[in-house]
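K.L.:
Predicted model and sequence below, questions to follow.
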Amino acid sequence: EDKVVQSPLSLVVHEGDTVTLNCSYEVTNFRSLLWYKQEKKAPTFLFMLTSSGIEKKSGRLSSILDKKELFSILNITATQTGDSAIYLCAVEFRSGNQFYFGTGTSLTVIP
Amino acid sequence: ETGVTQSPTHLIKTRGQQVTLRCSSQSGHNTVSWYQQALGQGPQFIFQYYREEENGRGNFPPRFSGLQFPNYSSELNVNALELDDSALYLCASSLPSGRAETQYFGPGTRLLVL
């Protein structure tokens, strides 16, 4: 059975800390892995990863994919209170943007 | 904010009733996907519509059905509501051949079944 597992489920850190969020997957017909940030309702896109070992970066956020070991990590450095959100990992299992999502990691950044 | 809109924003129903949720897609997007997100869970894929036809379905019973209209807007219908149907329902629009990062989510409809 296809699955996407995220860890930890929740995390509380202080501003300035660095966090690493994990996503492992077992999905047949893997096409891509995406990270989303969900603050209130609509998930917003962060990264799309298709190739192993190539780091994607956007400001303080970065992500990398390991297709051999079937996992991805999302790093956030120098966290800010505005980073508080649920971070979702999604694996595209069929062409045309059809995804399996993990349960998400709830990140709380304390001032 | 994306150009994807959903209505209503909130809805309360009782068990056994039927509900229709609506989604207007981003301009130019002809594919709409629906997801159910229960509290504390990630979104679960319900189905996808492309050019008014169902183009993939997740593990949901037939009482979950949908429509897509010529203007690419979409409806999600749920019959015989159950308590476990209480969730945030998200729609996402995209181009079928578009890269995944161009899929945009709407703000969702929060459904409570009593």
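P.N.:
Cool, got the structure.
K.L.:
rest of the way, CA atoms for contacts and neighbours
P.N.:
Fine.
K.L.:
so what's the residue nearest the centre of chain B up against?
P.N.:
Nearest to the geometric centre of chain B sits B:Trp34, at 3.1 Å (C-alpha atoms, centre = their mean). By C-alpha atoms under 8 Å, 6 or more residues apart in numbering or on different chains, the contact list for B:Trp34 reads B:Phe45, B:Ile46, B:Phe47, B:Gln48, B:Leu76, B:Tyr89, B:Leu90, B:Cys91, B:Ala92.
K.L.:
likewise A:Thr103?
P.N.:
Shown in contact with A:Thr103 (C-alpha under 8 Å, 6+ apart): A:Val4, A:Val5, A:Gln6, A:Leu9, A:Leu88, B:Gly40, B:Gln41, B:Gly42, B:Pro43.
K.L.:
so which of these comes closest to A:Gln38?
P.N.:
Nearest to A:Gln38, judged by C-alpha to C-alpha, of the contacts of A:Thr103 is A:Leu88 at 7.3 Å.
K.L.:
State the pLDDT value of residue 52.
P.N.:
Looking at chain A here, since you left the chain open. In this model, A:Ser52 is scored at 90, pLDDT.
K.L.:
actually chain B
P.N.:
Here the pLDDT value assigned to B:Glu52 is 91.
K.L.:
and it, how many residues sit next to it?
P.N.:
Around B:Glu52 there are 19 other residues, counting by other C-alpha atoms under 10 Å in any protein chain shown.
K.L.:
nearest residue to it other than its sequence neighbours?
P.N.:
Nearest residue to B:Glu52, sequence neighbours excluded (C-alpha to C-alpha, 6 or more residues apart in numbering or on different chains): B:Gln68, at 4.5 Å.
K.L.:
List the beta-bridge partners for that neighbour.
P.N.:
Counting by DSSP bridges, B:Gln68 is bridged to B:Ser74.
K.L.:
likewise B:Leu90?
P.N.:
Beta-bridge partners of B:Leu90, counted by DSSP bridges, are B:Tyr35.
K.L.:
ok, now how distant is the residue nearest to the centre of chain B from A:Ala42?
P.N.:
B:Trp34 is 12 Å from A:Ala42, where distance means C-alpha to C-alpha, to the nearest Å.
K.L.:
Kindly point out which residues are neighbours of both of the two.
P.N.:
Taking C-alpha under 8 Å, 6+ apart as the criterion, B:Trp34 and A:Ala42 both touch B:Leu90.
K.L.:
so how many other residues sit close to the residue nearest to B:Glu52?
P.N.:
Count around B:Gln68 with other C-alpha under 10 Å applied: 23.
K.L.:
same deal with A:Phe101?
P.N.:
Neighbourhood size, A:Phe101 [other C-alpha under 10 Å]: 28.
K.L.:
cool, and A:Pro111?
P.N.:
Per other C-alpha under 10 Å, the neighbour tally for A:Pro111 reads 10.
K.L.:
Please name the residues that touch it.
P.N.:
Applying C-alpha under 8 Å, 6+ apart, the residues near A:Pro111 are A:His14, A:Glu15, A:Gln80, A:Thr81.
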